[in-house]
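>>> Take a look and give me a structure for this.
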Amino acid sequence: MAITKSHFIFIFVLFGVATLDFTGAQTGVCYGRLGTGLPSPADVVSLCNRNNIRRMRIYEPHQPTLQALRGSNIEVMLGVPNTDLEYVAASQANANTWIQNNVKNYGNVKFRYIAVGNEVSPFNENAKYVPILLNAITNIQSAISGAGLGNQIKVSTAIETGLTTDTSPPSKGRFKDDARRFIEPIVTFLVTNRAPLLVNLYPYFAVHDNPEIKLEYALFTSPDVVVNDNGRGYKNLFDAILDATYSAVEKAGGSSLQIVVSESGWPSSGAGQLTSIDNARTYNNNLIKHVKGGSPKRPSGPIETYIFDLFNEDQKNPEIEKHFGLFLANMQPKYQISFN
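So this is what the prediction gives:
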């Protein structure tokens, strides 16, 4: 998840313990480090290898983490943090230096994506980065291409679903008017460079803010279709949010664009009855199974997804941000998940 979350952001990230198969579902984990007493990066990489976790999102070029990932075969989504956006947007030389220091110098790390900025939006505390985000993305893309890495690393940005509106039924989804001038050039850039859009997708926050939404619809446990959209039946909120975002992207000229769910998860504590070990286990377990296939709008699947979060991050605020971890700081699973 981002350092902070709007009430409408939704991301998906995939987790597994003990006997999981991450490769079949194209899923990974988000590795945030704002927690107390967390294991060393080397131990984190070992934990992922033991659990067959083959993809990881990291939010900044933390040098010990990049060192630990050398030769690991874990595919990495590397973040250009929002605090670096002004630097890389200012000049091509700065972007080249950033890529040299944090990507080229780690040639035996399997970089998959560079996520330039996280949840930059006209509607949240990151609004100040809106005017420079596209320039930052473009400069990083040029740096990647200049380094001869354009065929193996895709450059994108991670958005929150709060940019969209009219999301029910999903076919009506569109970007808010105040977001269009910002997001449409980014969609065009991604189409041109055949890169996916990264989306943080959280059904939890939708249920939290809309008590009328049934919990079973968010936890993938609804036995029946809840929303019928021109013949497409939606039995879970994850698909509905994802396809509403696809509808918005298509209306912005991105019909060929793929979405990668760069964050998704469920807190195990922190905000009343919705946040429990049982609900977190149910959501993440069902998410892992579900993303092996596609959504009603894009049924060919799988849906590449990253579960938030590998560990609890107790240095975050508000309180709810502290409780998304899949593992405890001692690297024991917070709860078991079955992949049978």
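>>> could you show me where the strands are in this protein, in order?
27-30, 55-58, 75-80, 110-118, 154-160, 164-165, 174-175, 197-200, 227-229, 232-234, 259-264, 305-307 (DSSP state E).
>>> Can you list the helices and strands that the second one packs against?
Contact partners of strand 55-58 among helices and strands, from 3 or more C-beta pairs under 8 Å, 6 or more residues apart in numbering; DSSP states H and E: strand 27-30, strand 75-80, strand 305-307. Placement of C-beta: from N, CA and C, glycine included.
>>> hang on, the earlier thing: rebuild the strands of the chain as CSV, extending it with mean pLDDT and distance to Ala248.
CSV is the format used below for the strands of the chain (pLDDT from 0 to 100; distance: least, C-beta to C-beta, whole Å):
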stretch, mean pLDDT, distance to Ala248
strand 27-30, 92, 23
strand 55-58, 96, 23
strand 75-80, 98, 22
strand 110-118, 98, 18
strand 154-160, 98, 10
strand 164-165, 98, 5
strand 174-175, 98, 5
strand 197-200, 98, 10
strand 227-229, 98, 14
strand 232-234, 98, 16
strand 259-264, 98, 10
strand 305-307, 95, 19
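>>> Looking at the ones you listed, which is nearest to Ser40?
strand 55-58 (14.3 Å; C-beta to C-beta).
>>> Only C-alpha atoms, please: export the closest one in PDB.
Provided in PDB are the C-alpha atoms of strand 55-58 (Å, rounded to 0.1, in the frame of the first residue of the first chain):
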ATOM      1  CA  ARG A  55       7.800 -11.400  -7.600                       C
ATOM      2  CA  MET A  56       8.200  -8.500  -5.200                       C
ATOM      3  CA  ARG A  57       7.300  -4.800  -5.200                       C
ATOM      4  CA  ILE A  58       9.700  -2.500  -3.300                       C
END
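>>> And the residue nearest the centre of the chain?
Centroid-nearest residue in the chain: Ser262, 1.4 Å away (criterion: C-alpha atoms, centre = their mean).
>>> correct me, but it touches Leu197?
No - using C-beta atoms under 8 Å, Ser262 makes no contact with Leu197, being 9.1 Å away.
>>> wait, which of the helices and strands packed on strand 55-58 is closest to Leu38?
strand 27-30 (13.4 Å).
>>> rewinding a little: out of the strands of the chain, indicate the one that is most buried.
strand 305-307 (a mean of 31; mean count of other C-beta atoms under 10 Å).
>>> need the helices for the protein, in chain order.
Secondary structure of the chain (DSSP state H): helices at 22-25, 41-50, 63-69, 85-90, 92-102, 130-146, 177-193, 203-209, 215-218, 237-251, 277-290.
>>> so which of the ones you listed comes closest to Pro318?
Once the helices of the chain are compared by C-beta to C-beta, helix 203-209 is nearest, at 11.8 Å.
>>> Flag every buried residue along the closest one.
203-208 (16 or more other C-beta atoms under 10 Å).
>>> Run a quick neighbour tally on Ala127.
12 (other C-beta atoms under 10 Å).
>>> which residues sit in contact with it?
The contact partners of Ala127, by C-beta atoms under 8 Å, 6 or more residues apart in numbering, come to 120-121.
>>> Would you check how far apart it and Asn317 are?
Counting by C-beta to C-beta, to the nearest Å, the gap from Ala127 to Asn317 is 19 Å.
>>> nearest to Val76, of the helices of the chain?
Nearest of the helices of the chain (C-beta to C-beta): helix 63-69, 6.1 Å.
>>> Angles on the backbone of Arg70, please.
When read as degrees, to the nearest 10, the backbone of Arg70 gives phi -60, psi 130.
>>> In JSON lines: the helices of the chain, plus distance to Thr167 and mean pLDDT.
JSON lines is the format used below for these (distance: least, C-beta to C-beta, whole Å; pLDDT from 0 to 100):
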{"stretch": "helix 22-25", "distance to Thr167": "25", "mean pLDDT": "41"}
{"stretch": "helix 41-50", "distance to Thr167": "34", "mean pLDDT": "94"}
{"stretch": "helix 63-69", "distance to Thr167": "35", "mean pLDDT": "98"}
{"stretch": "helix 85-90", "distance to Thr167": "28", "mean pLDDT": "98"}
{"stretch": "helix 92-102", "distance to Thr167": "34", "mean pLDDT": "98"}
{"stretch": "helix 130-146", "distance to Thr167": "21", "mean pLDDT": "98"}
{"stretch": "helix 177-193", "distance to Thr167": "13", "mean pLDDT": "97"}
{"stretch": "helix 203-209", "distance to Thr167": "9", "mean pLDDT": "96"}
{"stretch": "helix 215-218", "distance to Thr167": "14", "mean pLDDT": "98"}
{"stretch": "helix 237-251", "distance to Thr167": "4", "mean pLDDT": "98"}
{"stretch": "helix 277-290", "distance to Thr167": "19", "mean pLDDT": "95"}
